[in-house]
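In: Build me a model:
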Amino acid sequence: MPQIHTGKVRKGKFIPDDRIQFIKEFAKKDDTRLEVTVRKPRKYRSLQQNKYYWGVVISLLSETTGFSKDEMHDALRVKFLTDLELIGEKTTLPRIQSTTELSTVEFLEYVSQIQQWAAEFLDCYIPDPESWEE
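Out: Okay, the predicted model is just below:
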């Protein structure tokens with residue numbers, strides 16, 4: 001599993017948040033070719049978003065459709081988080097994204113799509129996250 005280190009760049013130099021761990025990781029890789037990716041850190045789906053998703057969205061839709069919670073989660077992922085990826089030159093396979101890979105903004109968009117679909121096709125109202133109390 002790749003190690004991810006966060007930090008800041010000052011005067012063209014990377015300053016890791018955990019300098020000691022960063023040095024230890026690189027010391028283990030002596031004489032090893034590495035690939036380094038530089039990007040701004042993503043803010044992944046929050047625990048609060050996850051609680052709302054399972055406690056409200058999935059629960060309501062599970063009750064409405066008769067699907068189990070896991071079946072409903074999988075069905076929504078297939079419906080809203082599936083992309084076709086080209087394999088070789090002639091064929092594609094579906095790639096179903098995990099909700100854990102979504103940023104907080106992407107997760108809000110995902111839930112919004114589900115709300116619209118549920119209202120339109122299932123006559124099921126799903127309250128907004130802001131109006132939900134745990």
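In: can you map out the strands along this protein?
Out: For the chain, the strands defined by DSSP state E cover 7-10, 13-16, 82-87, 91-96.
In: Any chance of those strands in JSON lines with distance to Val38, mean pLDDT and mean neighbour count as columns?
Out: Quick note: C-beta positions are derived from backbone N, CA and C, even for glycine. Converted to JSON lines, the strands of the chain look like this (distance: least, Cβ to Cβ, whole Å; pLDDT from 0 to 100; neighbours: other Cβ atoms under 10 Å):
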{"stretch": "strand 7-10", "distance to Val38": "9", "mean pLDDT": "89", "mean neighbour count": "10"}
{"stretch": "strand 13-16", "distance to Val38": "8", "mean pLDDT": "88", "mean neighbour count": "12"}
{"stretch": "strand 82-87", "distance to Val38": "25", "mean pLDDT": "91", "mean neighbour count": "10"}
{"stretch": "strand 91-96", "distance to Val38": "25", "mean pLDDT": "93", "mean neighbour count": "10"}
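In: hmm, who's touching the lengthiest helix in the chain?
Out: Looking across the chain with DSSP state H, the single longest helix is helix 104-122. Helix 104-122 is contacted from outside by 43-46, 49, 52-53, 57, 60-61, 64-65, 76, 79-81, 99, 102, 124-126, 128-129, using Cβ atoms under 8 Å, 6 or more residues apart in numbering.
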